[in-house]
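**Q** Everything below, folded, please.
(chains A and B)
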Amino acid sequence: SQQGEEDPQALSIQEGENATMNCSYKTSINNLQWYRQNSGRGLVHLILIRSNEREKHSGRLRVTLDTSKKSSSLLITASRAADTASYFCATDGGNFNKFYFGSGTKLNVKP
Amino acid sequence: DTAVSQTPKYLVTQMGNDKSIKCEQNLGHDTMYWYKQDSKKFLKIMFSYNNKELIINETVPNRFSPKSPDKAHLNLHINSLELGDSAVYFCASRTGRNTGELFFGEGSRLTVL
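**A** Numbering: from 1, shown residues only, chains lettered A, B, ... in the order given. Purely as a prediction, here's the structure:
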């Protein structure tokens, strides 16, 4: 299958710590995106990284992409209780119209 | 105003029934999607329409039939509901840009008894 697979499935940290989540995928991509889903809500876009980019920052978020390993990581620095959510990566499998997701990483940030 | 809105938010029905979920977006986007999220949170793409034309159909049983009366609306009709259809169904939309992000609705939780 073409979907991204997030790792770990669950992550529990203390407020103020950094959280790192990983995504692996199987086919070539144009872009990779990260999304966040609060419990009982829809997904919200966080950041997009193009296949020719290696790293991107947005506020407390840092995304890296290694196309040779077909993997990406999302780092959230100085986490807050409000960051508690599930995080998903979405890959396009080389088709700009298709977005494949996995099962996400469930992040719990303890106050 | 909600950008992508779905109705109903909750739907409980019996096996064998037919039901519909409606989706509307006011973002002016050309492309709309239906995704299914199962109990393990796996999010699977089902369909996509671009300007009322079906562009993606990801091996979904033909009991599921999407309909797009115009580019702002994408409805999902499900015939002969089965227990395995229980899930949260998400509608999403995006612009036609290659770097366009998805905007999701809040989801419609379908429970088949």
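
**Q** out of everything not next to it in sequence, what's closest to residue 110?
**A** Answering for chain A, as no chain was given. residue A:14 (5.4 Å; CB to CB, 6 or more residues apart in numbering or on different chains). The way it works is simple: take the backbone N, C-alpha and C, and place the C-beta from them, glycine included.

**Q** Can you look at chain B instead?
**A** In space, residue B:110 is closest to residue B:11, 4.8 Å off (CB to CB, 6+ apart).

**Q** was I right about the one you found contacting residue B:88?
**A** No: Residue B:11 is beyond contact range of residue B:88, at 10.4 Å (criterion: CB atoms under 8 Å).

**Q** so what's in contact with these two at the same time?
**A** Here residue B:11 and residue B:88 share the contacting residues B:108, B:109, B:110, scored by CB atoms under 8 Å, 6 or more residues apart in numbering or on different chains.

**Q** where's the last one, which helix or strand?
**A** The secondary structure element spanning residue B:110 is strand B:108-112 (assigned by DSSP states H and E).

**Q** and stretch B:89-109, which residues are buried?
**A** For stretch B:89-109, the neighbour count (16 or more other CB atoms under 10 Å in any protein chain shown) marks B:89-94, B:100-109 as buried.

**Q** now stretch B:21-30
**A** By neighbour count on 16+ other CB under 10 Å, the buried set for stretch B:21-30 is B:21, B:22, B:23, B:24, B:25, B:29, B:30.

**Q** would you turn those residues into CSV with secondary structure and distance to chain A?
**A** Shown next, in CSV, are the buried residues of stretch B:21-30 (DSSP: H, G, I helix; E, B strand; the rest coil; distance: CB to the nearest CB, whole Å):
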residue, secondary structure, distance to chain A
B:21, strand, 14
B:22, strand, 15
B:23, strand, 11
B:24, strand, 14
B:25, strand, 12
B:29, coil, 12
B:30, coil, 10
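
**Q** want to try a markdown table for the residues you listed, with pLDDT as columns?
**A** Shown next, in a markdown table, are the buried residues of stretch B:21-30 (pLDDT from 0 to 100):
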| residue | pLDDT |
| --- | --- |
| B:21 | 98 |
| B:22 | 98 |
| B:23 | 98 |
| B:24 | 97 |
| B:25 | 97 |
| B:29 | 93 |
| B:30 | 91 |
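
**Q** re the thing from before, okay if I get the shared contacts of residue B:11 and residue B:88 as CSV plus pLDDT?
**A** Listed next are the shared contacts of residue B:11 and residue B:88 as CSV, based on pLDDT from 0 to 100:
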residue, pLDDT
B:108, 98
B:109, 98
B:110, 98
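
**Q** And these, which is closest to chain A?
**A** Distance to chain A across the shared contacts of residue B:11 and residue B:88 (CB to the nearest CB) is lowest for residue B:109, with 8.8 Å.

**Q** Beta-bridge partners for that closest one, please?
**A** Note on residue B:109: beta-bridge partners residue B:10, residue B:88, judged by DSSP bridges.

**Q** That one and residue B:9 touch, don't they?
**A** Yes: between residue B:109 and residue B:9 there is a contact under CB under 8 Å: 7.0 Å.

**Q** Beta-bridge partners for residue 22, please?
**A** This is for chain A. For residue A:22, the beta-bridge partners under DSSP bridges are residue A:7, residue A:73.

**Q** look at chain B instead
**A** The partner residues for residue B:22, given DSSP bridges, come to residue B:7.

**Q** what residues does chain A put near chain B?
**A** A:3, A:30-31, A:33, A:35, A:37, A:40-45, A:48, A:50, A:86, A:88, A:90, A:96-104, A:106 (CB under 8 Å from any CB of the partner chain).
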